[in-house]
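>>> sequence? don't have it. structure:
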C-alpha cells in the first residue's frame, strides 16, 4: 500500500466525523422537525442522530485507536481500555437509537422490524453486542488463555470491519427509506430532488466515505501496531536463534 | 484466522451464489410481473437480475479466483485472464442493468438519479470501470513497469473489497426502496410483512451473507496465493543469504 501520512488522515477523519454528525443533527433538528423523547415523530428523529453517532463515528474512532502512533509505544492495556470504552459508548448510543425508533413505533401503533433496513440494522447491533462481549472476555479478562486470544484476534478484527460495513449499509438504506417516506406527500417529491433530498443524499455519501476511509485506515500495513507475536517477528527470532546456534 | 477448509467454502459459495441469482430471477419473474426489454416495468425488472448477477455473484467469483488452490501452481497469467474475464462479464452485466433502469425511466418519464440508492449504485459501477481499466493496464499490459504493479496492487485489492461493499449496500437499499414503492398500494402493506416482503427481505439478507463470505474468503491468509515478492519471502531470502555468507 502506498505510504500515506497518518496526521493529515486523522485530521481529515476527525473533521469528516464531526461533519457527518453535524449534518445528521441539522437534518433531524431543522428538516425532519426537531428532537424530543416523547413518542412523537420528534422521538424518531433521535434514531439517525444516535445511530450515526454510535455505529459510524464512535465505532470508527474505536476501530482506529490502535492506528495512533502513540498507541504503539509502551503497554497496550490503556489503549485496549480506550478501544473498549469508545466501543461501549458507541453501543449504548446504538441501543438508545433503537429505543427511539421502537418507542416511536409503539406509541404511533406502527409495526416494528418489517423493512430490510430494520433487519440489517438490528443484525449490525446484535453482532456488535457479541463482538464487544467476546472482545472484553478475550482481551481484557485477565484469565483468558493466550492461545484463545491469538485464535480469536483475527476473527475479532474481521468482524470489526464487517459490522462497520453492515452499519454503513444500514445508514444508506435508512436515509433512502426516510426520504421516500417523508417526501412522498411533499410539494416537491423525492424524484424532483428538493433541497432536503440533496442534503440527505450528500449526508449518506459522506457517511459512506467516512466508513470507507476507516476501512482504509485499518488496511494500511504501516499503521498497524507492531505485534510481538506476529509471523514476521517470530521469523526474525527464529533466524536470530539459528544464527546464534551456529 | 482459524483454519477453514476451502472445498466446503467454495461449495457453499457456489450454492449461495446460485440461490441469490435464482431468488432474484423468481422475484422479478413471478412477483414483480415478469421480464421484457420493452421500456415497460418489465424492463425495470431486469435491473435487479443483472445487478445481482454482475455486481454480486460474478464480481464475487472474480474476486475469489486467486483463492483457488489450483491457481497457486504454475503461471499466474491464465488466472489473471480468468479474473479479468469474469470481472468484464460482471461489468457488462452491470451496464445492461443500468440500461434497463434508465430506459424504463426515460420511457415512463420518471427522473433518473435522484435516490441515494442510485447515487451509490452508479458510484459502485463507476469505481468498477476504473478498477477494471487500471487492473488491465497494470497487470495484463506487458509494458507496465514492475514497480508500478507492486505499488498499485494493494490499492487494487483494497478497492476490490470497497466496490463489493458499495454493491452490497446498493442491493440492500435498492430492494428496500423497491418494496416500499411496490407495496405502498398493496392490500397488505410492507409494514404487515406480506409474503413478497418476507421473500425480498430474505433475498437481501442472503446477498449480504454472500458478500460478507466473499470478504471472509479474501481475508483468510492461508488461502492467499503465495507472492514471490511478499515481505515474508523477501525476509526468508535475506536470512538465507546471510547464512550462506557465513
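That came through, no problem. Owing to the predicted nature of the structure, the values given are computational and were not obtained by experimental measurement. Numbering: from 1, shown residues only, chains lettered A, B, ... in the order given.
>>> if you look at stretch A:33-51, does any of it touch chain B?
No. Contact of stretch A:33-51 with chain B is not found when judged by Cβ under 8 Å from any Cβ of the partner chain; the minimum separation is 12.9 Å. In this view, the C-beta of every residue, glycine as well, is placed from N, C-alpha and C.
>>> Span of that stretch from start to end?
Length of stretch A:33-51, first residue to last, Cα to Cα, to the nearest Å: 18 Å.
>>> Can you tell me what sits against that stretch?
With Cβ atoms under 8 Å, 6 or more residues apart in numbering or on different chains as the test, stretch A:33-51 has contacts from A:21, A:24-25, A:27-29, A:32, A:93-94, A:96-98, A:100-101, A:103-104, A:106-108, A:121, A:167, A:170-171, A:174-175, A:178.
>>> which among those residues are in contact with chain B?
Among those, the residues lying close to chain B (Cβ under 8 Å from any Cβ) are residue A:175.
>>> Which of the contacts of stretch A:33-51 fall within helices?
In helices, judged by DSSP state H, the following of the contacts of stretch A:33-51 are found: A:21, A:24-25, A:93-94, A:96-98, A:100-101, A:103-104, A:106-107, A:121, A:167, A:170-171, A:174-175, A:178.
>>> Any of the residues you listed buried? List them.
Taking 16 or more other Cβ atoms under 10 Å in any protein chain shown as the criterion, what is buried in these is A:21, A:24-25, A:93-94, A:96-98, A:100-101, A:103-104, A:121, A:167, A:170-171, A:174-175, A:178.
>>> Give me the distance between stretch A:208-219 and the centre of its chain.
Distance, stretch centre to chain centre, for stretch A:208-219: 10 Å (Cα atoms, centre = their mean, to the nearest Å).
>>> Which positions within it qualify as buried?
A:208, A:210, A:211, A:212, A:213, A:214, A:215, A:216, A:217, A:218, A:219.
>>> Show residues contacting that stretch.
Taking Cβ under 8 Å, 6+ apart as the rule, stretch A:208-219 contacts A:1, A:9, A:12-13, A:16-17, A:20, A:56-57, A:60, A:63-64, A:67, A:157, A:160-161, A:164-165, A:167-168, A:171-172, A:223, B:120, B:154, B:158, B:161-162, B:165-166, B:169.
>>> for stretch A:159-174, same thing?
Residues from elsewhere that reach stretch A:159-174, judged by Cβ under 8 Å, 6+ apart: A:47-48, A:51-52, A:55-56, A:59-60, A:63, A:115-117, A:120-121, A:123-124, A:127-128, A:131, A:204, A:207-208, A:211, A:214-215, A:218, B:116-117, B:120, B:165, B:168-169, B:172-173, B:176, B:208, B:212, B:215.
>>> again, but for stretch A:116-130
A:51, A:55, A:59, A:87, A:90-91, A:94-95, A:98, A:112-113, A:159, A:162-163, A:166-167, A:169-170, A:173-174, A:177, B:172-173, B:175-176, B:179, B:200-201, B:204-205, B:208.
>>> Walking through chain A, point out its helices one by one.
Counting by DSSP H, the helices of chain A are A:6-26, A:41-44, A:46-51, A:59-63, A:77-107, A:116-135, A:146-183, A:195-219, A:231-245.
>>> what's the spacing between the residue nearest to residue A:93 when sequence neighbours are not counted and residue A:137?
Using Cβ to Cβ, 6 or more residues apart in numbering or on different chains and skipping residues adjacent in sequence, the residue nearest residue A:93 is residue A:54, 3.0 Å away. Here the distance between residue A:54 and residue A:137 works out to 21 Å (Cβ to Cβ, to the nearest Å).
>>> Compare the two (neighbour count), which wins?
Ranked by neighbour count (other Cβ atoms under 10 Å in any protein chain shown), residue A:54 and residue A:137 place residue A:54 first, with 24 against 14.
>>> correct me, but the more buried one touches residue A:94?
Yes. Contact status for residue A:54 versus residue A:94: in contact at 3.9 Å, counting by Cβ atoms under 8 Å.
>>> Near residue A:88, how many other residues are there?
With neighbours defined by other Cβ under 10 Å, the count for residue A:88 comes to 14.
>>> distance of the residue lying closest to it once chain neighbours are set aside from chain B?
Nearest non-adjacent residue to residue A:88, counting by Cβ to Cβ, 6+ apart: residue A:132, 6.7 Å away. Distance of residue A:132 to chain B, given as Cβ to the nearest Cβ, to the nearest Å: 19 Å.
>>> go on, residue A:207?
From residue A:207 to chain B the distance is 10 Å (Cβ to the nearest Cβ).
>>> Contact partners for that residue?
With contacts defined as Cβ under 8 Å, 6+ apart, residue A:207 is in contact with A:20, A:52, A:56, A:168, A:171, A:172, A:175.
>>> try it again with 10 Å
By Cβ atoms under 10 Å, 6 or more residues apart in numbering or on different chains, the residues touching residue A:207 are A:16-17, A:19-21, A:23-24, A:48, A:51-52, A:55-57, A:167-168, A:171-172, A:175.
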